[in-house]
Each structure stands twice: as structure tokens, then as C-alpha cells.
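Chemist: Here is a sequence together with a model predicted from it:
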Amino acid sequence: MFGGPKLVLVAGPCTVESREQMLEIACAVKEAGASMLRGGAYKPRSSPYAFQGLCEKGLEILAEARAQTGLPVVTEVLECAQLERVAAVADMIQIGSRNMHNTVLLRAAGASGKPVFLKRGMSARSEEFLLAAEYVLEAGGSDLVLCERGIRTFETATRFTLDLSVVPFLKQRSWLPVVVDPSHGTGLASLVPSMARAAVACGADGLMVEVHGRPDEALCDGDQSLTPELFYRMVRDLRAVAEAVGRSV
Ligand code: PEP
Ligand code: MN
């Protein structure tokens, strides 16, 4: 699915908040051209007092969203103990930025037989990112996608600094598909469409974008979430860039 001429657009809310919210967004992103659904059931929040996700209930809702839309689902696993439950529902297992260095989880995900979506650690060098990928591959995983999601720098205007140079770098150094997440990479919805276009221009095989029906009411990452309408426009405006680099949306 990832790595062909057609870009893979992964879209959905940061976190599954309710059945209604997830189903509404799932239908909207499908209509706009997304080919995969995202949504966290288990959330790795910075604060232990912040909403931690709907957990098993969230997985059930994701299964329903997939059944309704036909879109495959990628969702994050935080620890090995969740792996079986997540793998029963997800088409692809996400290992988040905070777990990129968790070699035990990397191995377990690789051995699970499920495709793995590996996000770059926010302070990881590209070399460390590639070595984390090696853990997944070495454990038997063969279907693996790398995701640049921004790194920590001295810059404070954006939540993270989206390192687009890593896209061609990773492609030169490995055969793995590379996806860019401009939502976490910038933290600001207004910057997402232009960074999405830039990502496609520099060779990304897909995008992961957060979408929420009412971003100001989102339980997580509202500032960086596009409305379905803005996501639709982002996809529309991506077409010309995709064509210019021999890809399609
Ligand atoms: C996410 O995609 O839901 C997420 C938590 O992203 P990251 O691991 O990149 O912070
Ligand atoms: Mn998020």
C-alpha cells in the first residue's frame, strides 16, 4: 500500500473520543480522499492527568469505523501487554515517538505479523531511527513504514521542527516507505497544508494528518487538527504537487 505511485493519506482524530465523533470523521476523511484511518485508543500523554484514551472501548469504535468506511486502521500500541488486543483490531500497529527507543516493543511489534508504522523519536537522529527500524525488521516484521513527525530544536514558534531533509535521506539509506506527519510536526493547523505539500514535493510516500470535527473541543491536539473541510482542501491542493513529482493522490 505504501510506496507505490499513489500517496497514502492517513487521517483521523488524534484520539478516539466517542463513537459519534469517530464515525463522523471517518466518513468525512474517506470522502476527502484518505485511504487509511488513524485514531488513538491508548494515548501517550505528557501529563498523567490528561485524557489517556478510551482504551478497549476506543478499539471497538475503531473496528466499527473500519467496518462502516472500509478504510484500514492504524492505531498506537504503548506497551507489549496491549499488543494482542490492538493487533486484533488494527490493520497496522503504530509505535509512537515516545516509544521509538523501546527495543522490547519494537521487537514484539515486528514479531506480531502486523504491518508497523514507526514514528521518529522526537530527539532521535536519523541513524537511531534507522536502527529502531532494524529492530522491527530483525524480529520478523517486513511491512514497515517510517514516519517523520518533527524533532525537538531550539525553535518555539512551532511545537516541533519538521525535518523534511530526513525524507530523501531515509530514502537514500533504506528501501522503506517514508510518511510525514505535519500535524505533530508543526503543532499548528494553519501550517499543515503547506508542509504537507512540501513533504510530497520532497518524496514522501504518504501523510498522516489529524482531523477533528470541532478542533476547539478536541480532547487532544486540537490546535494542530484540521476540520474535515480544511482536510478536503488540503487534499485538493496536493494534487498538482503530487503530479509534478510523478505521484497521485
Ligand atoms: C500520534 O500520532 O497519535 C502521536 C501521539 O504522535 P507522536 O508519537 O508522533 O507524538
Ligand atoms: Mn496527536
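Modeler: Everything's here; your move. Ligands and ions are numbered 1, 2, ... in the order given.
Chemist: What residue in the chain comes nearest to ligand 1?
Modeler: Distances between the chain and ligand 1 by C-beta to the nearest ligand atom are smallest at Gly96, namely 2.9 Å. Every residue, glycine included, has its C-beta placed from N, CA and C.
Chemist: And that residue, how far from Val74?
Modeler: 11 Å (C-beta to C-beta, to the nearest Å).
Chemist: cool, Leu83 as well?
Modeler: Counting by C-beta to C-beta, the gap from Leu83 to Val74 is 14 Å.
Chemist: higher neighbour count, those two?
Modeler: Taking other C-beta atoms under 10 Å, Leu83 and Val74 do not tie; Val74 has more neighbours (25 against 19).
Chemist: Contact partners for the more buried one?
Modeler: Residues in contact with Val74 (C-beta atoms under 8 Å, 6 or more residues apart in numbering) are 10, 36-38, 90-94, 117.
Chemist: now swap in Pro115 and tell me
Modeler: By C-beta under 8 Å, 6+ apart, the contact list for Pro115 reads 91-93, 141, 143-145.
Chemist: Please repeat the previous calculation with a cut-off of 7 Å.
Modeler: Contacts for Pro115 (C-beta atoms under 7 Å, 6 or more residues apart in numbering) come out as 92, 143.
Chemist: which bits of the protein sit near ligand 1?
Modeler: Neighbours of ligand 1 within the chain, by C-beta under 6 Å from any ligand atom: 14, 40, 44, 76, 96-98, 119, 149, 184.
Chemist: Mind checking which of the residues you listed are buried?
Modeler: Using 16 or more other C-beta atoms under 10 Å as the burial test, those include 14, 40, 76, 96-97, 119, 149, 184 as buried.
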